[in-house]
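Enquirer: Next come a sequence and a model predicted from it.
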Amino acid sequence: MENRIQRIFLIKPLARLSCFVMLLFVGVTSVSHADDSLPATDNFEPEVERTEIEKPDIDTEDFEFGVSYGLLSVEDFGVNGVFVARLAYHVNEQIFVEGIYGLSETEKTSFEILSSVDLLSDDQREYSYYNVSVGYNLFPGEVFFSKNKTFVSELYLVTGAGTTEFAGDKFFTLNFGFGYRLLLTDEIAFHLDMRDHMLNMNLLGVDKTSHNLEFTGGLTWFF
């Protein structure tokens, strides 16, 4: 009698456990079938909204003309304003050839001020030069002005030779330097330039090489 009662109490837990195992098996099978029905996706490709950026392109014409204004340091004759006119021909995207004419008015030397002796007349104090140089666009790039606006820019090197008229005489002059061009529109560009004009002079009784530094900024037009 006692064994029969024990078997009765054991049957109910076993039945409950069997039901639980069957339900668990049915649930796992359903999930596996659901996963098989989903499409396979190996890569996730996000949809990114692209921002349209406007940037000017250099005009198809190869010639560039412009004017600049800045400072010219003439050795022994002070730092003075200088006006520069430029005409350039772009051979290709990297190389260009330019002709430049510059005009300035120098000051009196410290010796003239202290001794009250004028070494040069007013006409002889006019400093002018013209030269032909070759330039190379070294680092082309872009400048972002706003979210949707960018400007094309270039850093370039130049070197050349020409003639300087000063103190009633003409001097053979070498020049070299670098510049920065920022294309504002398809035809108009902004320039910043630094040049060193080297020439041999003997105005104060000493024959020496004069280094005359020039810093200018201006606008050019492609045509």
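Expert: Received, thanks.
Enquirer: in the helix or strand hosting Tyr89, what's buried?
Expert: Element membership for Tyr89 (DSSP states H and E) is strand 79-90. Of the residues in strand 79-90, 82-84, 86, 88, 90 count as buried by neighbour count, 16 or more other Cβ atoms under 10 Å. The C-beta positions use only the backbone N, C-alpha and C, and glycine is treated the same way.
Enquirer: for stretch 192-200, same thing?
Expert: In stretch 192-200, counting by 16+ other Cβ under 10 Å, buried: 192-193, 195, 197-199.
Enquirer: Need these in TSV (columns: secondary structure and pLDDT).
Expert: Formatted as TSV, the buried residues of stretch 192-200 follow (DSSP: H, G, I helix; E, B strand; the rest coil; pLDDT from 0 to 100):
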residue	secondary structure	pLDDT
Leu192	strand	97
Asp193	strand	98
Arg195	strand	97
His197	strand	98
Met198	strand	97
Leu199	strand	95
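Enquirer: Tell me the one among these nearest to Leu219.
Expert: Nearest to Leu219 among those: Leu192, at 11.2 Å, using Cβ to Cβ.
Enquirer: Leaving out chain neighbours, which residue sits closest to that closest one?
Expert: Among residues not flanking Leu192 along the chain, Tyr180 sits closest, at 4.5 Å (Cβ to Cβ, 6 or more residues apart in numbering).
Enquirer: With Asp118 instead?
Expert: Glu112 (5.9 Å).
Enquirer: max-length strand in the chain?
Expert: Longest strand of the chain, by residue count under DSSP state E: strand 126-144.
Enquirer: re the thing from before, which of the three states applies to the residue nearest to Asp118?
Expert: helix (DSSP: H, G, I helix; E, B strand; the rest coil).
Enquirer: Tell me the spacing between it and Ser121.
Expert: Look at Glu112 and Ser121: by Cβ to Cβ, to the nearest Å, they are 12 Å apart.
Enquirer: which one of those two has more residues nearby?
Expert: Glu112 (15 against 10; other Cβ atoms under 10 Å).
Enquirer: hmm, back to that, what packs against the helix or strand in which the residue nearest to Leu192 is found?
Expert: Secondary structure from DSSP H and E places Tyr180 in strand 169-183. Contact partners of strand 169-183 among helices and strands, from 3 or more Cβ pairs under 8 Å, 6 or more residues apart in numbering; DSSP states H and E: strand 126-144, strand 150-166, strand 188-201.
Enquirer: For Ser146, I want the exact helix or strand it lies within.
Expert: Per DSSP H and E, there is no helix or strand for Ser146.
Enquirer: so what's it up against?
Expert: Contacts of Ser146 were listed using Cβ atoms under 8 Å, 6 or more residues apart in numbering, and none were found.
Enquirer: Now Glu64. Nearest residue, chain neighbours left out?
Expert: Using Cβ to Cβ, 6+ apart, the closest residue to Glu64 is Ala88 (4.3 Å).
Enquirer: so that neighbour sits right up against Ile95, yeah?
Expert: No: using Cβ atoms under 8 Å, Ala88 is not in contact with Ile95; the gap is 10.7 Å.
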